[in-house]
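**Q** take this sequence and fold it.
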Amino acid sequence: METNILHTHKDLVEKSKSGDRKSQYQLYELYVDAMYNISFRMLGTKEDAEDIIQDSFAEAFKKLKTFRYESTFGSWLKRIVINKSINHLKLKKIPIAPLEQYPYTVSDEKSEPLQTTDIDKVKKGIQILPNGYRQIINLYLIEGYDHIEISEILGITISTSKSQYHRAKKKLIEIVNTL
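**A** Numbering: from 1, shown residues only. Purely as a prediction, here's the structure:
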């Protein structure tokens, strides 16, 4: 029997579309932890992430009738959470780090790779990064978006996304090496 991943939790989604509160709560329970983690990684504060999650689920259930299974429900919800998190950062006027603020040159030298055995240092390093860098690292490395998608999400050019990512990665390596 072949299952279509786009229809994961279809029965809950359809019942939720018709206003069934139990199904909505079940969807909430299935996705709240993952969505909270996404928002928390982007915003860096528990309270802001909690607010964004509540707003995101409220919007998702309000707009659920527009969900057409072109992606999974989780992907659709994730996009709402990321957009709301980014909008929250914009409202707080936390910009992506300007290009001229951090000197950066491209060289043929390879940076020392991060040690995969010390995940705690990497997590702590990501939290220390300037907000703009943390956004790019989270979207690219953790959430798996490519530079084209990041440029659309953040409203920046693809080359800005790439250069910000390289700068963020370099800064993260510096931070991790000092921890």
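
**Q** please report the distance of F57 from E149.
**A** 23 Å (Cβ to Cβ, to the nearest Å). (Glycine included, C-beta is placed from N, CA and C.)

**Q** can you check N87 too?
**A** 17 Å.

**Q** go on, R21?
**A** R21 sits 34 Å away from E149, going by Cβ to Cβ.

**Q** looking at those two, which is more packed in?
**A** E149 (17 against 10; other Cβ atoms under 10 Å).

**Q** mind listing what the more buried one touches?
**A** The contact partners of E149, by Cβ atoms under 8 Å, 6 or more residues apart in numbering, come to L139.

**Q** also R79?
**A** Applying Cβ under 8 Å, 6+ apart, we find R79 in contact with no residue.

**Q** next helix or strand past the longest helix seen in the chain?
**A** Criterion DSSP state H: the longest helix present in the chain is helix 21-43. Helices and strands here follow DSSP states H and E; after helix 21-43, the next one along the chain is helix 46-62.

**Q** now that next one against helix 21-43, angle please.
**A** 140 degrees (axes from the mean of the first three to the mean of the last three Cα atoms, to 10 degrees).

**Q** which other helices and strands contact helix 46-62?
**A** If you count contacts as 3 or more Cβ pairs under 8 Å, 6 or more residues apart in numbering; DSSP states H and E, helix 46-62 packs onto helix 21-43, helix 73-91.

**Q** which among these is found nearest to E50?
**A** helix 21-43 (7.2 Å; Cβ to Cβ).

**Q** quick one: mean pLDDT over the closest one.
**A** Regarding helix 21-43, the rounded mean pLDDT is 92.

**Q** okay, now the unreliable bits of the chain?
**A** Residues of the chain that meet the criterion pLDDT under 70 lie in 1-7, 93-117.

**Q** if we use 90, what do you get?
**A** Applying pLDDT under 90 to the chain flags the ranges 1-13, 17-19, 41-45, 67-72, 74-75, 86-127, 130-162, 172-173, 175-179.
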